[in-house]
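Enquirer: Attaching a predicted model along with its sequence, questions to come.
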Amino acid sequence: MVIRDYLARKLENGTVHVTLIEPIKLVPEAASRLARTAQEVGSDLILVSGSSGLTQRRLTETVKAIKNKVSIPVVFLPGGGGALSFDFDAYFFLSLLNSRNNRFITGTHSKISPVLKRLEVEVVPVGYIVVEPGMKLAEIGDVDLVPRDNTWSAIGYATTAEFFGMSYVYLEAGSGAAQPVPASMIRAVKKEISIPLIVGGGIRTAIDARRVRQAGADVVVTGTVIENAGYRERLRSILSALKE
Ligand code: 1GP
């Protein structure tokens, strides 16, 4: 399956929902159960994060377990760790555009690219832009955060991603952020770009999800919500706000 085509088809029918799973926080069995629930309530894609500290064994076993339980695509979201698995349907080739450290913009990429090329993995170039508060990602990625009220800065990075020929722009408030990326910023960025806009971080309720969708997000990513009690119902209400 070509992920870009899959997403393009899904986008024709409205907003896409992505469930982010962090194998560092869960044993493979639990991760696969959550992925299954996400698929059952209507999530379109599972994104597996490769956070630093994640072992090769844990990542490999988690991807295998998830792929055994779901039929929706399972895509890798690199997160600064060295672990890698080739059981993924695609690899989000993230360039953290507002990092101060070249390692996160093109550095690690230049080391891994020849391997990805030889393995013929689908690579999806994504311009990753971290907005305040950015959470742990802001520290790890040495990010020069986009201030929440500086829409122009976000537009600058987003149009840069488009001019670089990237497939998606990803506005990220950071996992566990108190609030999602401001709706006004999403709206302004969406107006300026012609590639799809992914938004994630701090989206925990149907109200958040609806606001982000109405502001113009094409793809909405949630992570933390699936780690809490009652997650099936919470996820279901987020999905209905996105697909209504
Ligand atoms: C994906 O980092 C987010 O873009 C996930 O954030 O954990 O706050 O949903 P949450």
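Expert: That came through, no problem. Numbering: from 1, shown residues only.

Enquirer: which element is residue 220 on?
Expert: Applying DSSP states H and E as the criterion places residue 220 in strand 219-222.

Enquirer: That strand near the ligand at all?
Expert: Yes - counting by Cβ under 6 Å from any ligand atom, the ligand is contacted by strand 219-222 at 221-222. C-betas here are computed from N, CA, C, even on glycine.

Enquirer: following that strand, which helix or strand comes up?
Expert: helix 231-243.

Enquirer: Could you pull out the strands in this protein for me?
Expert: Using DSSP state E, the strands of the chain run over 16-21, 45-51, 74-79, 90-96, 123-130, 168-172, 197-200, 219-222.

Enquirer: need the residues of the protein near the ligand, please.
Expert: Residues of the chain lying near the ligand (Cβ under 6 Å from any ligand atom): 20, 172, 175-177, 200-203, 221-225.

Enquirer: Surely residue 134 is in contact with residue 143?
Expert: Yes - counting by Cβ atoms under 8 Å, residue 134 touches residue 143, with 5.5 Å between them.

Enquirer: show me the contacts for the closest residue to the ligand within the chain.
Expert: Closest approach between the chain and the ligand, counting by Cβ to the nearest ligand atom: residue 200, at 2.0 Å. Taking Cβ atoms under 8 Å, 6 or more residues apart in numbering, we find residue 200 in contact with 18, 20, 170-173, 175, 220-223.

Enquirer: Report the beta-bridge partners for it.
Expert: Per DSSP bridges, the residues bridged to residue 200 are residue 172, residue 221.

Enquirer: Neighbours of the residue nearest to residue 175 when sequence neighbours are not counted, how many?
Expert: Closest residue to residue 175 apart from its sequence neighbours, by Cβ to Cβ, 6 or more residues apart in numbering: residue 223 at 5.2 Å. Residue 223: 22 surrounding residues under other Cβ atoms under 10 Å.
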